[in-house]
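Enquirer: Got a predicted model here, sequence first, then my questions.
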Amino acid sequence: MTDRETVRELLREHGETYAEQAGIRLRNAPSPLYRLLVLSVLCATRIKADLAVDAARELSRDGLRTPRAMADASWQSVVDALGRAHYRRYDESTATALHDGAELLLHRWHGDLRRLRAEADGSPAAVRRLLQEVPRIGPTGADIFCREAQTVWPELRPAFDRAARGRADELGLPGTPAELAALAPGGDCARLAAALVRSKLAG
């Protein structure tokens, strides 16, 4: 197959972003960006991605869609929501991290990740560095957030992290972000990056 045929097949089988799977209609607005951050925290631990997505959905169903709501929620209610999604191995420590992260966002950026973006001043490296001030958002969590957020924060494009690039190499696709971006239909780098990671996990 040609590179474009390989990409077309990837997108057909694995082209749903994690935000879409979690029911997040991603926009450059405080609530969807925060929900993406929570999803990134959940996905960054050593747990199956589908369980992390289910946990994000449970938290959203409980109305925990903003830093204020998360900060005001009882620790036990967050643990219970994670438990309903079978996110049990890390439920107690994750509940603490989510609460502490919400408090940080409120105090540092007034609960609005667009303020973090403004502080980064167009630098993807600065976005990643600032994200890692949030509990549990290490390099992996920052990569997950940027991979998905590039849809609404174009300065992050093309965001193909090491996981996506590694899978591209395994499939014989070009290995640089710019080359992969050129293969993304309609310039949708987030969808191609997600498809690469999903295909790796499915394999």
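Expert: Received it, and whenever you're ready, just let me know what you need. Residues are numbered from 1 along each chain as shown.

Enquirer: low-confidence ranges in the protein?
Expert: 203 (pLDDT under 70).

Enquirer: at 80 what do you get?
Expert: The chain contains residues with pLDDT under 80 at 89, 203.

Enquirer: For it, which residue occupies the most central location?
Expert: Nearest to the mean C-alpha position of the chain, counting by CA atoms, centre = their mean, stands residue 145 at 3.5 Å.

Enquirer: Surely that residue touches residue 131?
Expert: Yes: if you go by CB atoms under 8 Å, residue 145 and residue 131 touch, sitting 5.8 Å apart. Glycine gets a C-beta too; all of them are placed from N, C-alpha and C.

Enquirer: any common contacting residues for those two?
Expert: Any residue near both residue 145 and residue 131 by CB atoms under 8 Å, 6 or more residues apart in numbering counts here, and that gives 37, 40, 137.

Enquirer: Could you give the number of residues near the second one?
Expert: Spelled out, it's residue 40. If you count neighbours by other CB atoms under 10 Å, residue 40 ends up with 27.

Enquirer: Quick one: residues in contact with the host helix or strand of it.
Expert: Element membership for residue 40 (DSSP states H and E) is helix 30-43. Here helix 30-43 makes contact (CB under 8 Å, 6+ apart) with 18-19, 22, 24-26, 49, 52-53, 55-56, 59-60, 64-67, 70, 87, 94, 97-98, 101, 105, 111-114, 131, 134-137, 141-142, 144-145, 148-149, 152.

Enquirer: What separation do you get for residue 126 and residue 109?
Expert: Applying CB to CB, to the nearest Å, the value for residue 126 to residue 109 is 13 Å.
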